[in-house]
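Pasting the sequence and the predicted coordinates here, then a few questions.
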Amino acid sequence: MVTVEAPPRGCEHCGKTGKACKCIFLLPGPQTDFVLSTAPHDGLFAGRRSGKTVAGVVKAFNYIFAHPGANGLITAPDIPQFRRSVYQVILKLFGHLQGTVWEWKEAQLLIHFLQPEQEGSVIYVRPGNESSGYRGMDLAFFYMDEVAVDYQHETFLVLSPSLTQEGYPHQGWVTSTPDWRKPWLRKIWVEHTHPTTGDPMDPAEFSVFHANMEDNWHLPKGFVEKQKRLYGDTRWAAQELRGEFIIVEGAAFPMFNYDVHVNDPPAGTEFKQTLAGLDFGITSPTSMHEYRLDRSNKVWVTREFYKRNADEYDWVRTAVDWGVKRIVCDPSISEDALSKYRRMYRLPLNRARFKEFRPRIEAWLRRLAVREDGKPQMYISPSCPNLIDELSNAAYDRPRGQEYDVDRFISGTQDHAIDDGGYALMDIDFPQPDFSYRPNI
C-alpha cells in the first residue's frame, strides 16, 4: 500500500510494525504530487537525497499495477548506475514481491511481471546516454532517472514518439538534480520554451515539481545540517540541496545563437576543402565532425559522430564512410598509434598544430563572431546536436573570489566536440606551409 502521511509506530494500514511493515510512505508535497500526477511529461527536479528515484520507481510500479499489460521503460545514465541506484530502490521498496509479482531478467535487461492481473507487463531497462536503441519501441510510459547526467536530450526526443501502445494513457517522466550545464531541462520544464527554437511549449503538458533535501525526513539525524555547512550559502547549495535551476555566468561562447549559427548549406553550395576533426574518448565520448569550407570562406559543420565508450571500429568505420581526405586529431596521439591508423586503415590522420587550450577557443571565437553584415563565418547543421549543446553550455572556471579563468572550463564541462572543432578550425585557418613548389635538391 502506498500512503502519504508519516508512518505511525504501529502501521494502521497493514497492522504490522517495524520491518514487517512493507507499506511505502511518500513524502507529503512535491514527491506525492509528482507520483499522483497524470500529465504527459512530469519532471521532478530535486536536491540530492530528496527521494527522486523513490518517486520515479513508485510511479512506474503504480502505473503497471493500474494498467495491466502495459509496457514501460526505465533509463539511467548507464546500466552500472541503474544497478547501483534504481535497482537498489526497486529491491528496497518491492523486493518482498520479487519472484511472485515480478522478476528481473538480467540477460534481457527487463522486469517481467508475473501475476495474471498484470497480464505479462514488462519494464525494459536501457542506458539513457545512448539514444540509438529506442527507435521502434511501443511503450505506454517511460521514466528517465538522473536525466541531467551526460547528454540525454536526444534520448528524450527519441523516446517521446515511442509512447504509442494502444489503450493506455501515455506518460514520460523524468527525475534529476538540476545541472546548469543542461539548460534544455530548464527551458522545457521551467520556462516552457523549446530548447533550440524558443517556441512556446504547453505548461500543462510539462508539469514541474521541486523538492528540497530538507523535505526528506528519512535522512539520518544531522545529515541535512552537515550538507548545509559544506555547501554554505552558495548557488551550488541552491542546485544540489534545494533542487533549483541556476544560471552560471562566464559563458565561453556568448555570441553563439541557434537562430544565427544553426543552418544547413544551401543546395548547390560548392566546397573547396573538406576535413574532419577528431577527439578521442574512452569512457568519455569520442567526437568527430565534418567541416567544409565553401568558396566564400565560410565553414559548415555538416556531420557528427559522438559516442561514449566508442571502440576503434565505430569511429574508423564512420571516417571511412565519410570519405574525408584529411582528419585532424589530438596532437598528443602517439607515433605508434598514428602509424597504425595510417597503415591498417589508410586513414589520412594528422596531428593538430596546437595542443594548448586557448588557441582552440580562439579558433571558435573567430568563426562564430558575427560580422558587420550580420552573418557569422561558420554554420552548424541541426544534425549536430551534441556540438550545439556544448557550445551553448561551455563556461569558464571562476576560482572563488577571482576573475574568470579563460584558460580552462569549469569542472565537468563537456568539451569533446569543441576540441575536435578547435583542431579542424585551426587547420583550416592556419594551414601547414606547403613547400611542394621547392625543387628537389
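Received, thanks.

Residue 207 belongs to a strand?
Yes. Applying DSSP: H, G, I helix; E, B strand; the rest coil, one finds residue 207 inside a strand.

Tell me how far the spatially closest residue to residue 281 that is not a sequence neighbour lies from residue 330.
Closest residue to residue 281 apart from its sequence neighbours, by C-beta to C-beta, 6 or more residues apart in numbering: residue 416 at 6.0 Å. Where C-beta positions appear, they are placed from N, C-alpha and C, glycine not excepted. Per C-beta to C-beta, to the nearest Å, residue 416 is found 10 Å from residue 330.

Between these two, which is the more surrounded one?
residue 416 (21 against 15; other C-beta atoms under 10 Å).

for the protein, what helix or strand is lowest in average pLDDT?
Every helix and strand in the chain was compared by mean pLDDT, DSSP states H and E; the lowest is strand 2-3, with a mean of 54.

sorry, back to before: mutual contacts of residue 416 and residue 330, please.
Counting by C-beta atoms under 8 Å, 6 or more residues apart in numbering, the shared contacts of residue 416 and residue 330 are residue 279.

And the residue nearest to residue 281, what's its pLDDT?
According to the prediction, residue 416 has pLDDT 93.

Spit out the contact partners of it.
Contact analysis of residue 416 by C-beta under 8 Å, 6+ apart lists 279, 281, 284, 285, 286, 287, 306, 390.

try residue 31
Neighbours of residue 31 in contact, by C-beta under 8 Å, 6+ apart: 44, 50, 51, 54, 55, 209, 211, 215.

looking at this, residue 57 is in a helix?
Yes. Counting by three-state DSSP, residue 57 is found in a helix.

Nearest residue to it in space, please, no chain neighbours.
Counting by C-beta to C-beta, 6+ apart, the residue nearest residue 57 is residue 89, at 5.0 Å.

you'd agree that neighbour is up against residue 51?
No. Counting by C-beta atoms under 8 Å, residue 89 stays clear of residue 51, with 9.6 Å between them.

Which one's more surrounded, the two?
residue 51 (25 against 19).

where does the stretch 101-250 of the chain dip in pLDDT?
For the stretch 101-250 of the chain, applying pLDDT under 70 flags the ranges 181, 234, 248-249.

about what we covered before: and the contacts of residue 416, which of them are in strands?
Among those, the members found in strands (DSSP state E) are 279, 285, 286, 287, 306.

quick one: the first one from residue 85, how far?
Using C-beta to C-beta, one gets 29 Å for the distance from residue 279 to residue 85.

which of those two has more neighbours?
residue 279 (23 against 17).

follow-up on the earlier one: contacting residues around the residue nearest to residue 57?
53, 54, 57.

export the ones in strands among the contacts of residue 416 to TSV and tack on pLDDT and distance to residue 103?
TSV is the format used below for these (pLDDT from 0 to 100; distance: C-beta to C-beta, whole Å):
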residue	pLDDT	distance to residue 103
279	94	42
285	89	34
286	93	36
287	95	39
306	94	36
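
ok, the residues you listed vs residue 196, which is closest?
Distance to residue 196, by C-beta to C-beta, is smallest for residue 306 among the ones in strands among the contacts of residue 416, at 16.4 Å.

Please list only the buried members of the contacts of residue 31.
Burial by neighbour count, 16 or more other C-beta atoms under 10 Å: within those this picks out 44, 50, 51, 54, 55, 209, 211, 215.

Would you agree the fourth one is in contact with residue 93?
Yes. In terms of C-beta under 8 Å, residue 54 counts as a neighbour of residue 93; the distance is 7.0 Å.

Give me the neighbour count for residue 290.
Residue 290, neighbours per other C-beta under 10 Å, totals 23.

number of nearby residues for the closest residue to it other than its chain neighbours?
Excluding the flanking residues, the one nearest residue 290 by C-beta to C-beta, 6+ apart is residue 303, at 4.0 Å. Neighbourhood size, residue 303 [other C-beta under 10 Å]: 17.

Need the pLDDT of residue 303.
Reading off the model, residue 303 has pLDDT 97.

Do I have it right that it meets residue 380?
No. Look at residue 303 against residue 380 with C-beta under 8 Å: they stay out of range, at 10.8 Å.

ok so, going back, measure the residue nearest to residue 281 to residue 206 for me?
Taken as C-beta to C-beta, the span from residue 416 to residue 206 is 29 Å.

can you give me the strands for the stretch 151-300 of the chain?
If DSSP state E, counting those that start in this stretch is used as the criterion, the strands of the stretch 151-300 of the chain fall at 171-176, 206-211, 271-279, 285-294, 299-308.

between these, which one is nearest to residue 420?
Short answer: strand 271-279, nearest of the strands of the stretch 151-300 of the chain by C-beta to C-beta, at 3.5 Å.

Restrict the closest one to CA atoms and write it as PDB.
Provided in PDB are the C-alpha atoms of strand 271-279 (Å, rounded to 0.1, in the frame of the first residue of the first chain):
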ATOM      1  CA  PHE A 271      33.200  23.500 -51.200                       C
ATOM      2  CA  LYS A 272      36.900  23.900 -51.700                       C
ATOM      3  CA  GLN A 273      38.000  22.000 -48.700                       C
ATOM      4  CA  THR A 274      36.600  19.200 -46.500                       C
ATOM      5  CA  LEU A 275      38.200  17.700 -43.400                       C
ATOM      6  CA  ALA A 276      37.200  16.100 -40.100                       C
ATOM      7  CA  GLY A 277      38.200  17.000 -36.500                       C
ATOM      8  CA  LEU A 278      38.600  14.100 -34.100                       C
ATOM      9  CA  ASP A 279      38.800  14.000 -30.300                       C
END
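
Quick one: list the elements packing against that strand.
strand 285-294, helix 312-322, strand 327-329, helix 416-429 (3 or more C-beta pairs under 8 Å, 6 or more residues apart in numbering; DSSP states H and E).

Fine, thanks again, bye for now.
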